[in-house]
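Visitor: predicted model, plus sequence, below.
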Amino acid sequence: MPINVPKELPASDALKQEKIFVMDEDRARTQDIRPLNILILNLMPEKEKTELQLLRLLGNTPLQVNISFLRTETHRSKHVSRHHLENFYTTFEHVKERRYDGLIITGAPIEHLEFEDVNYWGELTEIMDWAKRNVTSTLHICWGAQACLYHHYGIKKYELPKKSFGIFKHQISDPTIKLVRGFDEIYLAPHSRYTTVSGEEVEKNPELKLLSVSEEGAPFIIMSNDAKNVMITGHLEYDATTLAEEYKRDIDRGLEIDKPLNYFPDNNVNERPPNVWRSHSHLLFSNWLNYYVYQETPFEWE
């Protein structure tokens, strides 16, 4: 089934070239079925890249999905044109009276800041509180996951001695949980973060389930008992070359940064890295959409 995106969104052409089933709004209105309505709060600076990464995954399921993009009013990104934001994004003021089947809150490269020092923290917490009443399930990614854990469950983030950067092995704690159905017992996923959360604090919280940890022992997949919140502390949505682009960006800025671990073939930065996490990325998004959104959302919101 297709993913329904705003007409003329630049990512549409790339998705069609990759043979991902995309339907624009005009055609979708002629369909006589109930699509899922998914809102994406995109906090990443290079918004068009993140749009494409997420739409690839949302468009590879048997479900028809209507996509809406949300931006913050209290912060304007410097890495995307005003034209793109005005044409394809809305603000919370325009959606807060609506209900959505699913919400995705992305990461953001602001880990060095305390949550309360982020200039849109008040707006973000308002959106997260609104989602508890108006969204069936919310998927939080990387910094977005840490923000959710802090705001809803009082779990703080901790600075790492050095950046967790590369491709790491992960283990599933309970393969019977539907979110990780079909996962290998050991699988790979990308990380790119300077902070982490305590697995012990997660496990002690009666409202949370720790479903998967990295080889470093760091929590990776966390879910609330009511499945209203799913938190992924890494970046399963990343493309094969995203970590390479981040590495080059940091080198160009003069930062001291190690090569991403377990990433470049023979540790050679001139070799293109393979994508060894793609199948589990698709599984996670498909399982979330099916079991925690489609199977749980009402056909008609009251």
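Guide: Nice, I can see it. Numbers count the residues shown, from 1 in each chain.
Visitor: test my guess that Gly107 contacts Cys142.
Guide: Yes. Using CB atoms under 8 Å, Gly107 makes contact with Cys142 at a distance of 3.1 Å. C-beta here means a position set from N, CA and C on the backbone, and glycine is covered the same way.
Visitor: who has more neighbours, those two?
Guide: Neighbour tally, Gly107 and Cys142, criterion other CB atoms under 10 Å: the higher count belongs to Cys142, 28 against 25.
Visitor: tally of neighbours for Phe92?
Guide: Phe92: 18 surrounding residues under other CB under 10 Å.
Visitor: whoops, Pro175 was the one
Guide: Look at Pro175: counted by other CB under 10 Å, it has 12 neighbours.
Visitor: likewise Gly154?
Guide: The number of residues packed near Gly154 is 9, by other CB under 10 Å.
Visitor: from Arg249, how far out is it?
Guide: According to CB to CB, to the nearest Å, Gly154 and Arg249 sit 33 Å apart.
Visitor: do Glu256 as well
Guide: Distance from Glu256 to Arg249, by CB to CB: 14 Å.
Visitor: more crowded one of the two?
Guide: The residue with more neighbours, out of Glu256 and Arg249, is Arg249; 11 against 8, by other CB under 10 Å.
Visitor: residues in contact with the nearest residue to Val180 once chain neighbours are set aside?
Guide: Excluding the flanking residues, the one nearest Val180 by CB to CB, 6 or more residues apart in numbering is Ile172, at 5.2 Å. Going by CB atoms under 8 Å, 6 or more residues apart in numbering, Ile172 touches 180, 183-185, 187, 211-212.
Visitor: mind checking how far Ile172 is from Gly182?
Guide: Taken as CB to CB, the span from Ile172 to Gly182 is 10 Å.
Visitor: what residues do the two have in common as contacts?
Guide: Overlap of the contact sets of Ile172 and Gly182 (by CB under 8 Å, 6+ apart) is empty.
Visitor: so how far is the helix or strand where Ile127 lies from its chain's centroid?
Guide: In the assignment (DSSP states H and E), Ile127 maps to helix 121-134. Chain-centre distance of helix 121-134: 16 Å, with CA atoms, centre = their mean, to the nearest Å.
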